[in-house]
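**Q** take this sequence and fold it.
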Amino acid sequence: MEKIISYPISVIYYLLFGLCLAVFHPIQWICLNVFGYQAHKKSVDYLNFCLLKCTNLVGTRYTIENRETIPQGVPIIFVANHQSMYDIVAMIWYFRRFHCKFVSKKELGSGIPSVSFNLKYGGSVLIDRKDPKQAIPVIKGLSEYIEKNTRSAVIFPEGTRSKTGKPKEFAQSGLKILCKYAPSAYVVPVSINNSWKMVKFGFFPVGLGNHLKFTAHKALAVKDYKFDELMEITEKAVKEGINEYKQV
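**A** Below you'll find the model as predicted:
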């Protein structure tokens, strides 16, 4: 029944969602090329605010837990499970004070209004998942960027999104590079719940009435841990905060 009801609602939803992407693409270009980074950052923030408001139209609610515990004035490495594109939209807006930059697959770097522009010119990095050697210097550059500018990197160690909410095995290489070249950073594990339900029917129609929950766990100073220990603590924190993992 939900799927049937969602069809007409989804048409309106995606029209509004697409309109936001189309309108903000030239706004981003103007902000970046005329006014610089800070103006572009604001335009991206408000783009994602508008996208979140679009999701409210399909009954989506958001809860962000422990955001106030995240250290400020230091580089941050957010490590999260990945369930859908809505993970990114929510993190950009709700964690906007930390200037989130993403490790994304290169396919997202072209063809998507607003999204591709921000990934290419907003400080994020694009990697070829089929070429691990190419990813090393790219991620190294991101870690040096957040270290120098006191900003944040977001990495999804599963590599691809979970279509059922159940977390996949975490890869270590990306986080290891980030930690190595951003030694003053803090790793903040983040558990994401129910984002996958937005796309449980595929791209169309969109899932209705979902409550997305983002939980930030205790921040871990990179300098205080050996990497293997840091990785173990981080993965455990993320997975233990995921509903589907608890049910296994």
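**Q** select the longest strand from the chain.
**A** strand 186-193 (DSSP state E).
**Q** so where is this structure shaky, pLDDT-wise?
**A** For the chain, the stretches with pLDDT under 70 are 245-248.
**Q** the same query, at a cut-off of 90, please.
**A** By pLDDT under 90, the low-scoring segments of the chain are 1-2, 105-106, 110, 128-135, 159-165, 168, 243-248.
**Q** mind checking the longest helix of it?
**A** In the chain, assigned by DSSP state H, the helix with the most residues is helix 2-30.
**Q** remind me what that helix packs against, helices and strands.
**A** helix 37-56, helix 115-121 (3 or more CB pairs under 8 Å, 6 or more residues apart in numbering; DSSP states H and E). For every residue, glycine as well, the C-beta is placed using N, CA and C.
**Q** pick the most buried one from those.
**A** helix 115-121 (a mean of 20; mean count of other CB atoms under 10 Å).
**Q** ok, and what's touching it?
**A** Contact with helix 115-121 is made by 21, 25, 28-29, 32, 40, 44, 47, 102, 104, 108-110, 124, 126, as judged by CB atoms under 8 Å, 6 or more residues apart in numbering.
**Q** so which residue is dead centre in this structure?
**A** Centroid-nearest residue in the chain: I88, 3.2 Å away (criterion: CA atoms, centre = their mean).
**Q** so that one touches V103, yeah?
**A** No - the pair I88 / V103 is not scored as a contact, 11.2 Å apart, by CB atoms under 8 Å.
**Q** okay, and the common contacts of these two?
**A** V154.
**Q** for stretch 3-18, which residues meet the burial criterion?
**A** 6, 10, 13, 17 (16 or more other CB atoms under 10 Å).
**Q** give me the distance from that stretch to the chain's centre.
**A** How far stretch 3-18 lies from its chain's middle: 23 Å, per CA atoms, centre = their mean, to the nearest Å.
**Q** can you check stretch 38-52 too?
**A** In terms of CA atoms, centre = their mean, the centre of stretch 38-52 is found 14 Å from the chain centre.
**Q** quick one: contacts of it?
**A** 17, 20-21, 24, 27-28, 31-32, 62, 89-90, 92-93, 96, 99, 114, 118, 121-122.
**Q** stretch 4-21 too?
**A** With CB under 8 Å, 6+ apart as the criterion, stretch 4-21 contacts 47, 50-51, 54-55, 57-58, 112-115, 201, 204-208.
**Q** mind doing that once more with 6 Å?
**A** 50-51, 54, 57-58, 113-114, 204-206, 208 (CB atoms under 6 Å, 6 or more residues apart in numbering).
**Q** for the chain, just list every one of the helices.
**A** 2-30, 37-56, 86-94, 115-121, 132-149, 173-181, 227-240, 243-246.
**Q** which one of the ones you listed lies closest to P71?
**A** helix 132-149 (13.1 Å; CB to CB).
**Q** with only the CA atoms kept, save the closest one in CSV.
**A** These are the backbone C-alpha positions of helix 132-149, laid out as CSV (Å, rounded to 0.1, in the frame of the first residue of the first chain):
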residue,chain,number,x,y,z
PRO,A,132,43.3,1.8,-5.5
LYS,A,133,46.7,3.3,-6.3
GLN,A,134,45.0,6.4,-7.7
ALA,A,135,43.1,6.8,-4.4
ILE,A,136,46.2,7.1,-2.2
PRO,A,137,47.5,10.5,-3.2
VAL,A,138,43.9,11.9,-3.6
ILE,A,139,43.0,10.9,0.0
LYS,A,140,46.4,12.1,1.2
GLY,A,141,45.6,15.5,-0.3
LEU,A,142,42.3,15.6,1.5
SER,A,143,43.9,14.7,4.9
GLU,A,144,46.5,17.5,4.4
TYR,A,145,43.6,19.9,3.5
ILE,A,146,41.6,19.3,6.6
GLU,A,147,44.8,19.4,8.7
LYS,A,148,45.7,22.8,7.3
ASN,A,149,42.3,24.3,7.3
